[in-house]
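Chemist: Predicted model and sequence below, questions to follow.
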Amino acid sequence: MLSKSELEDLKRAKQLLENPGLVAKLSSMLGSPVEKGLEMLPAKWQKSVHKASEAALMKAVQVAVSSLGAKTGGKSNERMHSMFAAASGAVGGAFGIAALAVELPVSTTVMLRSIAAIAASEGENPQHIDTKLACLTVFALGSTKDKSDNAAESGYFAARTALATAVSEASKFLAQKGLAKTGGPALVRLVALIGARFGVVVSEKAAMQAIPIIGAAGGAMINTVFIGHYQDMARGHFIVRRLEKIHGADPVRIAYEKA
């Protein structure tokens, strides 16, 4: 049975995980629908965005399996990470989508370190394989639901279910082959699945940065919202995981749906 304070934590997690995505946040901030920016992206650019997304995630995998640097129980300095992301976003805003291949791996790595710090603040050990993979899967949260997702489930749990087998296979691979092996098929498959969802959000970000009037200042603001979006996903995700470790997955899931 979850305590009153735990139920409050779970309610907060659900608010973070199920709230409007990046499109709504950017539209609110910039005062114009992001869909207009999405329409401005040529089809070949869409492919470039998804290719850049997967490349950025592979870079993040290399960082994750080497060292995330966070310590269990430490405080997460989200503001500092947001500042780093804003700086890289300024580059993207100044040079548009042409800079995405350079800017996105930097932003993604910064976000991963922030996600790991949030995980640590919720009691996780970022040096454990399970936590490393949980950090990576945050990039699959908060995007448009996949058509294969169960509509009866929340978007958050549907995303976790869709990734469960790939995460399990990647975990076994890393346990058997060691953390130095980042190019194995199990990890490549996991990155592809996460990338399909992450690429949707990156496309939304790129659409706004493709608008000529955005510029460096706008690019910095967009990246601040971008990293804030995944910091919210991370906080919600690791609150749920903390409670699952105490009470088990099913009771937490039932309480989450009722929250």
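Modeler: Received it, and whenever you're ready, just let me know what you need.

Chemist: Give me the below-cutoff pLDDT ranges for the stretch 1-150 of the chain.
Modeler: 20, 23-42, 65-99, 144-150 (pLDDT under 70).

Chemist: show me where it has helices.
Modeler: Using DSSP state H, counting those that start in this stretch, the helices found in the stretch 1-150 of the chain span residues 4-18, 22-30, 34-40, 43-66, 78-95, 100-121, 129-137.

Chemist: Pull out the buried positions in the longest one.
Modeler: Read it as helix 43-66. Using 16 or more other C-beta atoms under 10 Å as the test for burial, helix 43-66 gives 45, 48-50, 52-61, 63-65. All C-beta spots, glycine's among them, are computed from the backbone N, C-alpha and C.

Chemist: Tell me what angle it forms with helix 100-121.
Modeler: 40 degrees (axes from the mean of the first three to the mean of the last three C-alpha atoms, to 10 degrees).

Chemist: ok, A166 - contacts?
Modeler: By C-beta atoms under 8 Å, 6 or more residues apart in numbering, A166 lies in contact with A186, R189, L190, L193.

Chemist: Look at it and give its secondary structure.
Modeler: Assigned with DSSP: H, G, I helix; E, B strand; the rest coil, A166 falls in the helix class.

Chemist: measure it to E54 for me?
Modeler: 14 Å (C-beta to C-beta, to the nearest Å).

Chemist: swap in A119?
Modeler: 23 Å.

Chemist: Now do A159: how many residues are near it, please.
Modeler: 26 (other C-beta atoms under 10 Å).

Chemist: could you give me the average pLDDT of the helix or strand harbouring it?
Modeler: Assessed by DSSP states H and E, A159 sits inside helix 155-177. Averaged over helix 155-177, pLDDT sits at 91.

Chemist: go on, stretch 245-259?
Modeler: 95.

Chemist: For that stretch, C-alpha coordinates in CSV please.
Modeler: Output of stretch 245-259 as CSV, limited to C-alpha atoms (Å, rounded to 0.1, in the frame of the first residue of the first chain):
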residue,chain,number,x,y,z
LYS,A,245,11.2,-1.1,-6.2
ILE,A,246,9.4,-0.7,-2.9
HIS,A,247,5.9,-1.9,-3.8
GLY,A,248,6.3,-3.9,-7.0
ALA,A,249,5.3,-2.9,-10.6
ASP,A,250,1.6,-3.9,-10.5
PRO,A,251,0.5,-1.9,-7.4
VAL,A,252,2.3,1.2,-8.7
ARG,A,253,0.8,0.9,-12.1
ILE,A,254,-2.7,0.6,-10.7
ALA,A,255,-2.2,3.6,-8.5
TYR,A,256,-0.7,5.5,-11.4
GLU,A,257,-3.7,4.9,-13.6
LYS,A,258,-6.0,6.1,-10.7
ALA,A,259,-3.9,9.1,-9.9
